[in-house]
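Novice: here is my input; please provide its structure:
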Amino acid sequence: MKIALINENSQASKNTLIYDTLSEVAKEKDFQVFNYGMYGQEGESQLTYVQNGLLAAILLNSKAADFVITGCGTGVGAMLALNSFPGVVCGFAAEPTDAYLFSQINGGNALSLPFAKGFGWGAELNLKLIFERLFAEPMGGGYPKERVIPEQRNARILNEVKKISHQDMLTILKTIDQDFLKETISGEHFQEYFFAHCQDKAIADYLQTLLS
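Specialist: Numbers count the residues shown, from 1 in each chain. Below is the predicted model:
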C-alpha cells in the first residue's frame, strides 16, 4: 500500500512527528509512506486544508497513492475538503476506535486527524495507536462481523453515488482556478513522488503541462 501524508500550513510544524510515527507503523506492514508536506520549513509552498482536499484527490484518483493521511487543527475542515472531491472517502479519527471502525465499516481511502485540538500530553502515543488500529485489518472487513454484507453494500452504493454527483477528476483539474492548482502541486517533493507512481496518464500529462 502506498500511503501519502499531507499536512496543511497551520500544523506544518508537526509534520516530522506525524511522518515518523506513521512510518513506524507502516514499516511493520511493509507499506510505503510518501511525505507530501508541508514540512514546516521557511519559504515552502503553502497548503491550506482546502488544498489538502485537492491534492489528496489528485493522488487517489491517479492511483499515485492508495490511502491519504491528513488533517488540520480540528480535523473537520480537512475531512470536509477531501470529501468534496470524487473518488475520495475520508473519515475522521480523534482516537484509535474511530480509526478502526472507519476502516472496517466504511472502508474509505483517507483519514483526517485533529493536530491541534486535544493534541497534548501523549499525542504521539495516540497517533501511533490510531495508525495501528487503522491498518490492523484489511479495509472494509465489517464491524461487527455479522454486519459485513450490508456494510460493504452501503460502501459500494456511496461510491456509485459519488460517481454520479461529482465531475470526473480531469474535468475538475481543467476548470478549477489554475493558480490555486499550481500552488497545490508546488511542494518540494510532489513531482518526485507523483510522477513515479501516477497510473492515470491523462492526469499526469495535464499536470506536467501545467508545471512546465
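
Novice: quick one: pLDDT of the spatially most central residue of the chain?
Specialist: A centroid search over the chain (CA atoms, centre = their mean) returns residue 68, at 2.3 Å, as the residue closest to the centre. With respect to pLDDT, residue 68 scores 98.

Novice: for it, list the residues it contacts.
Specialist: By CB atoms under 8 Å, 6 or more residues apart in numbering, the contact set of residue 68 is 3-6, 56, 59-60, 82, 88, 90, 109-111. (Each C-beta comes from the backbone N, C-alpha and C, glycine too.)

Novice: distance check, it against residue 157.
Specialist: For residue 68, the distance to residue 157 (CB to CB, to the nearest Å) stands at 22 Å.

Novice: now do residue 46
Specialist: According to CB to CB, residue 46 and residue 157 sit 37 Å apart.

Novice: ok, the two, which is more surrounded?
Specialist: Of the pair residue 46 and residue 157, residue 46 is the one with more neighbours under other CB atoms under 10 Å, namely 15 against 10.

Novice: wait, doesn't the more buried one sit right on residue 40?
Specialist: No - contact criterion CB atoms under 8 Å: residue 46 and residue 40 do not qualify, at 11.8 Å.

Novice: excluding chain neighbours, what is closest to residue 104?
Specialist: Excluding its sequence neighbours, the residue lying closest to residue 104 (CB to CB, 6 or more residues apart in numbering) is residue 143, at 4.1 Å.

Novice: mind pulling up the pLDDT for the one you found?
Specialist: If you check residue 143, the pLDDT there is 92.

Novice: sec struct for it, please.
Specialist: In three-state terms, and counting by DSSP: H, G, I helix; E, B strand; the rest coil, residue 143 is coil.

Novice: what is the burial count for it?
Specialist: By other CB under 10 Å, the residues close to residue 143 number 15.

Novice: ok, residue 83 touching residue 91?
Specialist: No - using CB under 8 Å, residue 83 makes no contact with residue 91, being 9.2 Å away.

Novice: more crowded one of those two?
Specialist: Neighbours per residue (other CB under 10 Å) separate residue 83 from residue 91, with residue 91 holding more: 23 against 19.

Novice: so that one sits in a helix?
Specialist: No - using three-state DSSP, the assignment for residue 91 is strand, not a helix.

Novice: dihedrals phi and psi, the residue lying farthest from the centre of the chain?
Specialist: No residue in the chain sits farther from the centre than residue 146, which is 28.9 Å out by CA atoms, centre = their mean. In terms of degrees, to the nearest 10, the main-chain angles of residue 146 are phi -70, psi -10.

Novice: just the pLDDT for it.
Specialist: For residue 146, the pLDDT comes out at 88.

Novice: so how far is residue 38 from it?
Specialist: Distance, residue 146 to residue 38, by CB to CB: 43 Å.

Novice: what about residue 188, which SS state?
Specialist: Under three-state DSSP, residue 188 comes out as coil.

Novice: I'd say it and residue 39 touch.
Specialist: Yes - at 7.0 Å, residue 188 and residue 39 qualify as touching, with contact defined as CB under 8 Å.
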